[in-house]
Each structure stands twice: as structure tokens, then as C-alpha cells.
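In: one predicted model, sequence on top.
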Amino acid sequence: MTPPRHRFVDLSQLRLSPAAGSYTADMLSWGFIEPSRWRNYLHVHSFFEVCYAFAGRGTFRIGGADHEVRAGGTFVAKPGEPHEILSSDDNPLGIYFWAYTLALSSDGRTDAMDVDALFTAFTTSTRPVSDHASTMQTTIELLTAEIVRKDAGYIQVIEGLVLKLLLDTGRAVVDPPVSAELPPRPVQNPAELVVDRITMYLHDNCSRPVSVRDVAAQVHLSQRHTSRLFHAAMGVSIAEYLTALRMDIATRLLLERRLSIKEVAHATGHQDVRYFTTLFRRRMGLPPAAFRRQSGTQFIDPS
């Protein structure tokens, strides 16, 4: 017997962090809206939100443009993109939706170049709507069945299906498609190897105080040369990169709601909670408590 569609939201019972290539996704929420007359008004998220229409039609407003969406279509809002959805009056829209963060991981596989290329292209794609995800509904139905039945091994099956969902989303909106037959990765020059070591060190140590002196000692170069090398390769200073990394981790921890704000500050290398709050507000536009309260979503005043 096929489980009812609304049980898709039961996936929220699991903490899922699928990894592929150099990327790791943290799944934040799962949702479902029955076909009805509805509108969610203009807002932004700090994460990716993907919707799949299983019935009806409507309008997806994003980037100042209106896109028609209908059953079988996928539509995506990336972090910071103002968007809203309006269901049709005469043929109401029904959707599944899910939200996640997507970030480079310091311990990810470096041999899956096609996956890295797909996810990198997805994060910069300018195509918000697609009808090229023909297997997505089947994947969603399989996910729903697994979480409802909870047969032996269901978590492992769900992890694989969630990864397929992420890959299918990328394939749907990335244009032109990314080929699995990519040319061999060129040999890195010494400077690139040094910068890779620096970024890995920053990822591994972002929960503790880190100075340029500490970083320079890891790569056996002077502080000045280390700073120049990193800035030339990354376009930002070591301190700027570390701050952005810590804030990205903080947003994930705040949305998970397992740690207090003080614990989130400490987990991201900030012993002074007030200083952490100042940095977070400067980057996200909201203090940590408000960000958590609003689940990372900011509604936009139409006036």
C-alpha cells in the first residue's frame, strides 16, 4: 500500500548529511503542501530550498521575474535570493519541498571531479525552474515509503535516495549539462598545494583561536608570504576566509537547534558571545537569536 504523500515530512525525524565529491549537504527540513489556493509571500533564506510540483500549476517569482510552474516541474531558490510562490486559483499547486546547506568539506573525495563540477555549477546556476527531472517524483515516493515503513536498512536506503535527489536537482537546473567524462585534473603548482593545506587547516581548527602565525607555522613560510600567497589565490585574507567559514558553520548549528547560542559561539572559535553576535549580525543581517527564531528566513517588506 502506497503511503500518503504528506508522510514525506517524516524525513525530518532523521539527521541527514549526505556527502559526494568534495561537498557535504546538511538537510534542514522537509515539507509538503496539498493542492490549494496559497501564497508564501516574498522572503529569503540562508540555505537552498527546492520544490517539486506534483499537481496543479502556479507562479514562482524570483529575481524580479515570474516563472510558470506546473506538475512535474522543479524550482530552486538559492541562499539570499528573494522569492515567493503563488498557487493558481483554478488549478491549485501541490508541492513537496526540502531545504539544505551545501558546503565544501575538507575531508571530501577529490576523485569525483564530475560531482564537484555539478555542485559547483549548481551553486551559481541562473536557471531557477526546470522540467527535466523525470525521476524525481519516483525518488520522493521511495523516500516516503522508506521513512514510513522503516524496514531493516531504511536509513542507508534513505541516505542514497537523498543523494540522488540532490544530484537530480543539480542535473535539472545546470545548463549546459556537466559531463561525467571530465579531463584529468592538472598537476597543482606548489602555491596551490600550500593554499590547499591552509584551507584544510582552517577547516580543521575553526573551533579554536587561529592566528596567521599558527597558519604560517603549518606551511613553514613567513607570515607575510603566507598571507600574500593565500590572498592571491583566494581573493580574501586568511582572517576574512576564517570568519566566513565560522559564520557558515554557525548558521548550520543555529538551525539544528541542539546548542545554545553561547555554545555555538564557542564551537566556532568565539569565546566572547557579544563579539560573535556582532559578527553574525554583520554577515547575516540578524542577531543569532532572531536568525534561529525565524529558521534562517527573512520576510521582505513589500513597501
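Out: Here it is on my side, so go on. Numbers count the residues shown, from 1 in each chain.

In: where does the stretch 151-300 of the chain dip in pLDDT?
Out: Counting by pLDDT under 70, the stretch 151-300 of the chain shows low-confidence ranges at 179-188, 298-300.

In: could you list the domains of the protein?
Out: Annotated domains of the chain cover 5-173, 190-299 [automatic domain parsing].

In: hey, which of the ones you listed is tucked in deepest?
Out: Most buried of the domains of the chain by mean neighbour count (mean count of other CB atoms under 10 Å) is domain 5-173; its value is a mean of 18. C-beta here means a position set from N, CA and C on the backbone, and glycine is covered the same way.

In: chain center to that domain: distance?
Out: Relative to the mean C-alpha coordinate of its chain, domain 5-173 is positioned 10 Å out (CA atoms, centre = their mean, to the nearest Å).

In: from the chain's centroid, how far away is the helix or strand encompassing F276?
Out: Following DSSP states H and E, the helix or strand that holds F276 is helix 273-284. Using CA atoms, centre = their mean, we find the averaged C-alpha position of helix 273-284 to lie 21 Å away from the chain's own average C-alpha position.

In: which elements pack onto that helix?
Out: Here helix 273-284 touches helix 238-256, helix 261-267, helix 288-293, going by 3 or more CB pairs under 8 Å, 6 or more residues apart in numbering; DSSP states H and E.

In: and those as TSV, adding distance to H83?
Out: Compiled in TSV, those are given as follows (distance: least, CB to CB, whole Å):
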stretch	distance to H83
helix 238-256	19
helix 261-267	27
helix 288-293	19
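
In: before we move on, the earlier item: for the helix holding F276, list the C-alpha coordinates in PDB.
Out: As requested, C-alpha coordinates have been extracted for helix 273-284 and formatted as PDB (Å, rounded to 0.1, in the frame of the first residue of the first chain):
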ATOM      1  CA  VAL A 273      29.500  35.900  22.800                       C
ATOM      2  CA  ARG A 274      28.900  39.600  22.200                       C
ATOM      3  CA  TYR A 275      31.600  39.800  19.600                       C
ATOM      4  CA  PHE A 276      30.200  36.600  17.900                       C
ATOM      5  CA  THR A 277      26.700  38.300  17.900                       C
ATOM      6  CA  THR A 278      28.200  41.400  16.300                       C
ATOM      7  CA  LEU A 279      30.000  39.400  13.600                       C
ATOM      8  CA  PHE A 280      26.900  37.300  12.900                       C
ATOM      9  CA  ARG A 281      24.600  40.300  12.600                       C
ATOM     10  CA  ARG A 282      27.000  42.000  10.300                       C
ATOM     11  CA  ARG A 283      27.100  39.000   7.900                       C
ATOM     12  CA  MET A 284      23.500  37.700   8.100                       C
END
